[in-house]
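In: no FASTA, just this:
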């Protein structure tokens, strides 16, 4: 498979690093605005600039078939040559091309994480944020990550193409029903409703016109799945949250004998390559067979397991700011912006005390 | 029997309740765990470590009003006593109290919680039936388990304010306290289900999401890990009420002593099998 990335960036050195890393993969082709002819475009006053940008990107997309756009937040060095990131973001959202964005030079502390999470709430419907640590390291890791993100969108697109009826049928609960169907997990429908309780702006624009409906839907489902459902653990848990759910440290969780017990619980849906994800209900079924505690499994008798909460029947939780497991006692009541469906997502009390005034409760 | 799955089941409730409650702009403060104490005779008592608190709840399901005079806080306390045996029925007795407080936030940020109503649900232990008590019943009553200090702690936590900014007023008389109304088996889980149906299913007929989230609450109530769903008392009631009609008469333990003549004239089958 050949993948086309479009990098919209104004720093020559950064472009060169990414280009080299892409070249090393053999299957990724890196394009820049110059390559695809969206540089130095003259716009007239006949219609709003936004519409013209959209039209322009659409023509570009027809010709170059971009799989993933990577967009810098600050394009000020290229003033006059490139448009602003907001215009690009809206344009690609309108025509349905998946997009990752980043901001260079940010430290990865709790306050920045909070900012990032709040951004997800505000404009998580138009981009996936590149983790800050990937911007600082070698570009190979960044390109590898982008490829996995791209694969996630491709997987969603494939499922929607395979069964065209999914979009045609009027499922009564909309996107949760559609995603539950794509992931082959019907019980998910109700769980995902919890991710729609707050500002549900994602799917508003989809019906606007018939053109590129599927592409736009793929993007929106992808942003929703990655930015909300996978970021705030609920029905699908990342590795740290899965370990917390079993009340084990990540190290004990990764013990081979423990892994053997839960190997059928792995999530293999879109974006599964970005972490080790598990289905919560499948982990729960395993626990039900073991009286609520994994340590009672006969096959791991005598194995020393390290707990997060010393009360063995307890479930621990996942702090979305520190991305670490915490006990129920350390968890604060959830602020409004944590989706109701995110049953494992919490914020550590001490973090909340520190950040309190900044967080909207 | 190890009740590990029951502890897990308890913590799953929070996720089921959170969707309908937050969707209405209210906030749920759910106890982190159940405490477990052996109380003798092979019985184990489970009690939530704090009261359940639903803050900023609407006063009725249809109400969109959310100003001071239309907001309430609901507290639910209670416990379950289960038999430590391998096979159901497990539940021996249970009780649950629910209290409603009109909640006002004053200009200076002070919360004033004025008690408006309180009810107490009982599941009588069948080993010690009390005379003239329906085996399952509700009565207007305050719970001793809900103390003002707990209320203040919870409200301070959920509103992120200080305890001294919270005032609890309990001065009114609560209904007729001595009437015991026969009910179905109402434990904490059933009461939570009732609260969701009556306060948090706003516009439910039109909104598929509300309907779905209520269905998931119902599924949770009937879940196999709900060790409280199958009770000794209910089993006994079912035996007593093996009748063509479902009369509250069977709720009273005295119905065991009804004469055969009464039963036949009431159209009831013979339940004193072996004595016929």
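Out: Structure received. Predicted model only: the values in this text are computed from it and were never measured. Residues are numbered from 1 along each chain as shown, chains lettered A, B, ... in the order given.
In: do you know how far residue A:227 is from chain B?
Out: 19 Å (C-beta to the nearest C-beta, to the nearest Å). Bear in mind the C-beta positions are built from the backbone N, C-alpha and C, glycine included.
In: secondary structure class for that residue?
Out: helix (DSSP: H, G, I helix; E, B strand; the rest coil).
In: Kindly report the residues of the stretch 151-276 of chain B close to chain A.
Out: Within the stretch 151-276 of chain B, the positions near chain A by C-beta under 8 Å from any C-beta of the partner chain are B:157, B:158, B:159, B:160, B:208, B:209, B:212, B:213, B:215, B:216, B:224, B:225.
In: Run the chain-centre distance for stretch A:184-192.
Out: 18 Å (C-alpha atoms, centre = their mean, to the nearest Å).
In: hmm, which two among the residues of the stretch 151-276 of chain B next to chain A are most spread apart?
Out: B:160 and B:224 (37.8 Å; C-beta to C-beta).
In: out of these two, which sits in the more crowded spot?
Out: residue B:160 (15 against 11; other C-beta atoms under 10 Å in any protein chain shown).
In: Please, where are all the strands along the stretch 1-150 of chain B?
Out: For the stretch 1-150 of chain B, strands defined by DSSP state E, counting those that start in this stretch occupy the ranges B:27-29, B:34-40, B:43-48, B:52-58, B:71-83, B:91-105, B:111-123, B:136-140.
In: who's in contact with the first one?
Out: Pointing back at strand B:27-29 there. With C-beta atoms under 8 Å, 6 or more residues apart in numbering or on different chains as the test, strand B:27-29 has contacts from A:333, B:14, B:17-18, B:21-22, B:50, B:52-56, B:154, B:157-158.
In: need the contact list for the closest residue to chain B within chain A.
Out: Per C-beta to the nearest C-beta, residue A:292 is where chain A lies closest to chain B, at 2.6 Å. Neighbour list for residue A:292: A:313, B:2, B:3, B:4, B:5, B:6, B:7, B:8 [criterion: C-beta under 8 Å, 6+ apart].
In: ok, of these, which one's closest to residue A:69?
Out: Closest to residue A:69, out of all of these and judged by C-beta to C-beta, is residue B:8, at 43.1 Å.
In: Make sure the closest one is actually in contact with residue A:315.
Out: Yes: because the distance of 6.9 Å satisfies C-beta atoms under 8 Å, residue B:8 is recorded as touching residue A:315.
In: and the two? which has more neighbours close in?
Out: Shown here are residue B:8 and residue A:315; by other C-beta under 10 Å, residue A:315 has more neighbours (25 against 20).
In: Would you mind measuring from residue B:146 to chain A?
Out: Taking C-beta to the nearest C-beta, one finds residue B:146 at 19 Å from chain A.
In: my guess is that residue contacts residue B:97, does it?
Out: Yes: with contacts counted by C-beta under 8 Å, residue B:146 reaches residue B:97, the gap being 6.5 Å.
In: helix, strand or coil for the residue of chain A closest to chain B?
Out: Under three-state DSSP, residue A:292 comes out as coil.
In: In which helix or strand does residue A:57 reside?
Out: helix A:49-64 (DSSP states H and E).
In: re earlier: okay if I get the strands of the stretch 1-150 of chain B as a markdown table plus mean neighbour count and mean pLDDT?
Out: Shown next, in a markdown table, are the strands of the stretch 1-150 of chain B (neighbours: other C-beta atoms under 10 Å in any protein chain shown; pLDDT from 0 to 100):
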| stretch | mean neighbour count | mean pLDDT |
| --- | --- | --- |
| strand B:27-29 | 22 | 93 |
| strand B:34-40 | 12 | 93 |
| strand B:43-48 | 19 | 96 |
| strand B:52-58 | 23 | 94 |
| strand B:71-83 | 23 | 95 |
| strand B:91-105 | 22 | 94 |
| strand B:111-123 | 20 | 94 |
| strand B:136-140 | 20 | 95 |
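In: circling back to that earlier point, next step: the contacts of residue A:292 restricted to helices.
Out: Among these, the residues falling in helices (DSSP state H) are B:4, B:5, B:6, B:7, B:8.
In: From residue A:309, how far out is the fourth one?
Out: It refers to residue B:7. 11 Å (C-beta to C-beta, to the nearest Å).
In: quick one on the thing from earlier: quick one: the residues of the stretch 151-276 of chain B next to chain A as a markdown table, columns for pLDDT, distance to residue A:14 and secondary structure too.
Out: Below are those laid out as a markdown table (pLDDT from 0 to 100; distance: C-beta to C-beta, whole Å; DSSP: H, G, I helix; E, B strand; the rest coil):
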| residue | pLDDT | distance to residue A:14 | secondary structure |
| --- | --- | --- | --- |
| B:157 | 88 | 46 | helix |
| B:158 | 88 | 46 | helix |
| B:159 | 87 | 46 | helix |
| B:160 | 81 | 42 | coil |
| B:208 | 75 | 47 | helix |
| B:209 | 77 | 44 | helix |
| B:212 | 84 | 46 | helix |
| B:213 | 86 | 46 | helix |
| B:215 | 90 | 51 | helix |
| B:216 | 90 | 47 | helix |
| B:224 | 91 | 56 | coil |
| B:225 | 92 | 53 | coil |
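In: Scan the residues you listed and report the most crowded one.
Out: residue B:213 (27 neighbours).
In: Show me whatever sits in contact with both of residue B:146 and residue B:97.
Out: Common neighbours of residue B:146 and residue B:97 (C-beta under 8 Å, 6+ apart) are residue B:77.
In: need the contact list for the residue in the stretch 1-150 of chain B that chain A sits nearest to.
Out: Closest approach between the stretch 1-150 of chain B and chain A, counting by C-beta to the nearest C-beta: residue B:4, at 2.6 Å. Contact analysis of residue B:4 by C-beta under 8 Å, 6+ apart lists A:287, A:290, A:291, A:292, A:293, A:296, A:312, A:313.
In: Just the buried subset of these, please.
Out: Among the contacts of residue B:4, those buried by neighbour count (16 or more other C-beta atoms under 10 Å in any protein chain shown) are A:287, A:290, A:291, A:292, A:293, A:312, A:313.
In: Quick check: which of those has the minimum pLDDT.
Out: Lowest in pLDDT among these is residue A:312, which has 76.
In: That residue and residue A:287, how far apart?
Out: 11 Å.
In: Overlap in contacts, those two.
Out: What both residue A:312 and residue A:287 touch, as defined by C-beta under 8 Å, 6+ apart, is the set A:293, B:4.
In: Can you get me a residue count around the residue lying closest to residue A:246 once chain neighbours are set aside?
Out: Closest residue to residue A:246 apart from its sequence neighbours, by C-beta to C-beta, 6 or more residues apart in numbering or on different chains: residue A:294 at 5.0 Å. Per other C-beta under 10 Å, the neighbour tally for residue A:294 reads 23.
In: hang on, the earlier thing: show me the contact partners of the helix holding residue A:57.
Out: Taking C-beta under 8 Å, 6+ apart as the rule, helix A:49-64 contacts A:4, A:6, A:31, A:36-38, A:41, A:43-44, A:66, A:83, A:87-88, A:90-92, A:94-95, A:97.
In: Give me the subset of the residues you listed lying in strands.
Out: A:4, A:6, A:31 (DSSP state E).
In: This completes my enquiry, with thanks.
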